[in-house]
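Novice: Sequence first, predicted model second:
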Amino acid sequence: MVEYQQKENYSISDLLEIVKILRGEGGCPWDREQTHKSIRNDFLEETCEVLEAIDNDDSALLREELGDVLLQVVFHTRIEEEQNVFCFNDVCDEICKKLIVRHPHVFGEVKADSTEKVLENWDAIKMQTKGQETYTDTLTSVAKTLPALMRAQKVGKRAMRAGMDFRTAQDASDCITAEKKELDEAISNGDSANAVEELGDLLFSCVNLAHHLGINAEEALRISTDKFIKRFSVTEELVRQDSLDMKNLPIEELDVYWEKAKNIIKEE
């Protein structure tokens, strides 16, 4: 048993010490075995749980989940500290310096009296500090590990800042129609390889339209997915009420139940 003075309230210094103990001699076997890659997905899961707490307006859960994310930061930092690469103070130092450099309108003499000007300065400073010499550099720097829809939004947004953009939302919508036609042709020709490419183009065009309409494509898809699940649930319940099994029904009959479910939800 490791000796540690328990407290009524703890601080970040306590968290750093606890993780150090867990990773040290006499600590936890599981914690000591972990590497950056072995707990890589944990970071993603904890971040998603923070987002869920935000979506649910659950402050108590948000506090808990933010703590889990903070643990991930401390844990990864501790692994690097054990290799004498960097420590938690180095992480704090770097982000503080970044914030100061990217807010010259607050910590310097630069004037920025609008959000648009702030973002313009932010992009310019980011390109300079990251050594990005071309607009293409700003696109390729978008993390490939982002969810595909989110990455498409970010890449498209940066391309738009370089002037690569549709003039109107209608133009963006017309592009969707054109891409849909090309997808239909690939399907008709039985060209599965080209269908993959055309479907991707169609999805990317939808993201571009979302930007012009001021819609977050990720959020829009999340809402539609939740709506689908709700309709599916009501549809399944209607089928079960008739002592039937969904998977044994032809799609034509399922469509009838689906329409009934839609009407029920509208009346709620």
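Specialist: Sure, I can see it. Since the structure is predicted, the reported quantities are computational estimates derived from the model, not experimental observations.
Novice: And the contacts of the helix or strand bottoming out on mean pLDDT in the chain?
Specialist: Ranking every helix and strand in the chain by mean pLDDT, DSSP states H and E puts helix 115-129 at the bottom, with a mean of 81. With contact meaning Cβ atoms under 8 Å, 6 or more residues apart in numbering, helix 115-129 is reached by 98, 101-102, 104-105, 110-112, 132-133, 137-138, 161. No exception for glycine: its C-beta is placed from N, CA and C like everyone else's.
Novice: I'd like to know which of these are buried.
Specialist: Buried by 16 or more other Cβ atoms under 10 Å: 102, 104, 112, 132, 138, out of the contacts of helix 115-129.
Novice: can you list the residues you listed in a markdown table and add pLDDT?
Specialist: As requested, these are arranged in a markdown table below (pLDDT from 0 to 100):
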| residue | pLDDT |
| --- | --- |
| Arg102 | 89 |
| Pro104 | 90 |
| Ala112 | 81 |
| Gln132 | 82 |
| Thr138 | 87 |
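Novice: In strands only, show me those residues.
Specialist: Residues of the buried ones among the contacts of helix 115-129 located in strands (DSSP state E): none.
Novice: And Lys20, how far from Ser13?
Specialist: 11 Å (Cβ to Cβ, to the nearest Å).
Novice: Compare these two and say which is more crowded by neighbours.
Specialist: Taking other Cβ atoms under 10 Å, Lys20 and Ser13 do not tie; Lys20 has more neighbours (14 against 9).
Novice: shaky segments in this protein?
Specialist: Scanning the chain with the threshold set as pLDDT under 70 gives 1.
Novice: again, only this time at 80
Specialist: Of all residues in the chain, those with pLDDT under 80 make up the ranges 1-4, 120, 122-123, 126-127, 267-268.
Novice: Would you check how far apart Lys230 and Ile251 are?
Specialist: 20 Å.
Novice: Looking at the two, which is more packed in?
Specialist: Lys230 (13 against 7).
Novice: Pull the least confident helix or strand of the chain out as PDB, backbone CA atoms only.
Specialist: Taking Å, rounded to 0.1, in the frame of the first residue of the first chain, the C-alpha atoms of helix 115-129 are listed here in PDB:
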ATOM      1  CA  THR A 115     -15.100  38.600 -34.400                       C
ATOM      2  CA  GLU A 116     -14.300  38.600 -38.100                       C
ATOM      3  CA  LYS A 117     -11.100  40.600 -37.600                       C
ATOM      4  CA  VAL A 118     -10.100  38.400 -34.700                       C
ATOM      5  CA  LEU A 119     -10.400  35.300 -36.800                       C
ATOM      6  CA  GLU A 120      -8.600  36.900 -39.700                       C
ATOM      7  CA  ASN A 121      -5.700  37.700 -37.400                       C
ATOM      8  CA  TRP A 122      -5.800  34.200 -35.800                       C
ATOM      9  CA  ASP A 123      -5.500  32.500 -39.200                       C
ATOM     10  CA  ALA A 124      -2.600  34.700 -40.300                       C
ATOM     11  CA  ILE A 125      -0.700  34.200 -37.100                       C
ATOM     12  CA  LYS A 126      -1.400  30.500 -37.200                       C
ATOM     13  CA  MET A 127       0.000  30.200 -40.700                       C
ATOM     14  CA  GLN A 128       3.100  32.100 -39.600                       C
ATOM     15  CA  THR A 129       3.800  30.200 -36.400                       C
END
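Novice: For whichever helix or strand Glu94 is part of, which residues meet the burial criterion?
Specialist: Assessed by DSSP states H and E, Glu94 sits inside helix 88-101. Residues 88, 91 are the ones in helix 88-101 that count as buried (16+ other Cβ under 10 Å).
Novice: same question, stretch 197-205
Specialist: Those would be 198-199, 201-205, for stretch 197-205 by 16+ other Cβ under 10 Å.
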